[in-house]
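A.B. asks: Following is a predicted model, sequence given first.
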Amino acid sequence: EVADATCGVGEVVADVIFSPQPSDATHLVRVAQEIDRAEHSLDIAMYSFSNYDILNAIERAITRGVKVRVIFEPAKDDRDDPAGTMSGKLEEAGANVRYVNKIMHHKYVLIDGPRQDLTQAKDAMLISGSANWSNSAGTRYDENTVFITGSEELNLRFQREFNLLWEHSRELEWGSAKEWDTSHVTIEEADIPADPNVHAVFTSANFKTTFSSRYGETFSRVRGRDEIADFLVSKIEAARSSILIASGHLRSRPVAEAIMAKRLADPNIEIRVYLDGQEYISDYWHDKQQGELDDCLVEAGTS
């Protein structure tokens, strides 16, 4: 359902659209409307994008002089032949499209964010959540899309994350050579106000960045780092009355163990977990897998 009210904290206003919705009431419709209000810049980090209403809104924004940068997961596959792809259409419209050498699973856009001026964080809009910009995300799947205006801390943190990815991204290199505006200001931790009510953590903390003469800017996984799981575990351990989880997947061992430990430590706490159907298997397959594991351990002996 669509949230029937907004919540304001000072100058911060937030609301959410939950999918699925009728086609005329999806997050896609709202995203296109907000892009039509953009005045300076759009910084888009998107895993999957196939909605033409949003593409048309981006084209209109570019015509108005809005600078558009897109970090797009499919661009790494589209680069060999971008013709007819969404990557190609975005570049043809005037957006600068890039990709990174790891799975880029973000779904967010900063509208008039603090790209060139940190003070713009006070008025910028952040649109983020689980939903891709696709019809199925709007009308079929359980998703959330949050619209937040004026959260200085979130806008700066999401802008800094985008800048980090951008600095270590690779050009799509489609069509004739273009002069892109790739500049942005540096955002230090000291520039970000510490709002006790909000925070954001990113998996980019689990990677180091390097430059390769052959491949260019590159992200490399750092063993032992697990920024998101560590943060979630700390919040699970600190929970006082309830833990309500809705997730497509739950395959993090630290998080699963923290949930079970919390249940043992506090039997009265409410814990409910809602997962996608593919997370579950039948009793038959469970028993079959357990039997194969038992046979494997017997065969291994003491090895």
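C.D. replies: Received it, and whenever you're ready, just let me know what you need.
A.B. asks: end-to-end on stretch 182-198?
C.D. replies: 29 Å (C-alpha to C-alpha, to the nearest Å).
A.B. asks: Please apply the same query to stretch 261-272.
C.D. replies: 14 Å.
A.B. asks: And the helices in the stretch 51-200 of the chain?
C.D. replies: Using DSSP state H, counting those that start in this stretch, the helices of the stretch 51-200 of the chain run over 52-63, 75-78, 86-93, 135-139, 152-167.
A.B. asks: Nearest residue to the middle of this protein?
C.D. replies: With distances taken as C-alpha atoms, centre = their mean, His106 lies nearest the centre of the chain, 2.4 Å away.
A.B. asks: Surely that residue and Ser48 touch.
C.D. replies: No - His106 is not in contact with Ser48 according to C-beta atoms under 8 Å; the separation is 10.9 Å. Any C-beta I mention is one placed from the backbone N, CA and C, and that applies to glycine too.
A.B. asks: Pull the contacting residues for Arg98.
C.D. replies: Going by C-beta atoms under 8 Å, 6 or more residues apart in numbering, Arg98 touches Arg69, Val70, Ile71, Phe72, Ala75, Trp166, Ser169, Arg170, Glu171, Leu172.
A.B. asks: per-residue pLDDT, the nearest residue to the fifth one once chain neighbours are set aside?
C.D. replies: I take that to be Ala75. Among residues not flanking Ala75 along the chain, Tyr99 sits closest, at 3.9 Å (C-beta to C-beta, 6 or more residues apart in numbering). pLDDT, the model's per-residue confidence, is 96 for Tyr99.
A.B. asks: OK, contacts around Tyr99?
C.D. replies: Ile71, Phe72, Glu73, Pro74, Ala75, Lys76, Arg79, Ser169, Arg170, Leu172.
A.B. asks: Surely the fifth one and Asn96 touch.
C.D. replies: Put plainly, it is Ala75. No - judged on C-beta under 8 Å, Ala75 makes no contact with Asn96 at a distance of 10.8 Å.
A.B. asks: how near is Ser213 to His199?
C.D. replies: According to C-beta to C-beta, to the nearest Å, Ser213 and His199 sit 38 Å apart.
A.B. asks: Between those two, point out the one with more neighbours.
C.D. replies: His199 (12 against 5; other C-beta atoms under 10 Å).
A.B. asks: ok, which stretches of the stretch 51-200 of the chain are strands?
C.D. replies: Per DSSP state E, counting those that start in this stretch, the stretch 51-200 of the chain carries strands over the ranges 67-72, 96-99, 107-111, 125-129, 143-149, 170-171.
A.B. asks: Please state the offset of the first one from the chain centre?
C.D. replies: Its chain's C-alpha centre lies 14 Å from the corresponding centre of strand 67-72 when counted by C-alpha atoms, centre = their mean, to the nearest Å.
A.B. asks: tell me the mean pLDDT over that strand?
C.D. replies: 98.
A.B. asks: Also stretch 197-217?
C.D. replies: Regarding stretch 197-217, the rounded mean pLDDT is 89.
A.B. asks: quick one: buried residues of that stretch?
C.D. replies: Under the neighbour-count criterion of 16 or more other C-beta atoms under 10 Å, stretch 197-217 has Val198, Ala200, Phe202, Thr203, Ser204, Asn206, Phe207, Glu217 buried.
A.B. asks: which helix is the longest one in this protein?
C.D. replies: When the chain is scanned for its longest helix (criterion: DSSP state H), the result is helix 283-300.
A.B. asks: for the closest residue to Pro254 other than its chain neighbours, what are its contacts?
C.D. replies: Spatial nearest neighbour of Pro254, excluding adjacent residues (C-beta to C-beta, 6+ apart): Ala229 at 4.6 Å. Neighbouring residues of Ala229 by C-beta under 8 Å, 6+ apart: Ser252, Pro254, Val255.
A.B. asks: Having no further points to raise, I will conclude here.
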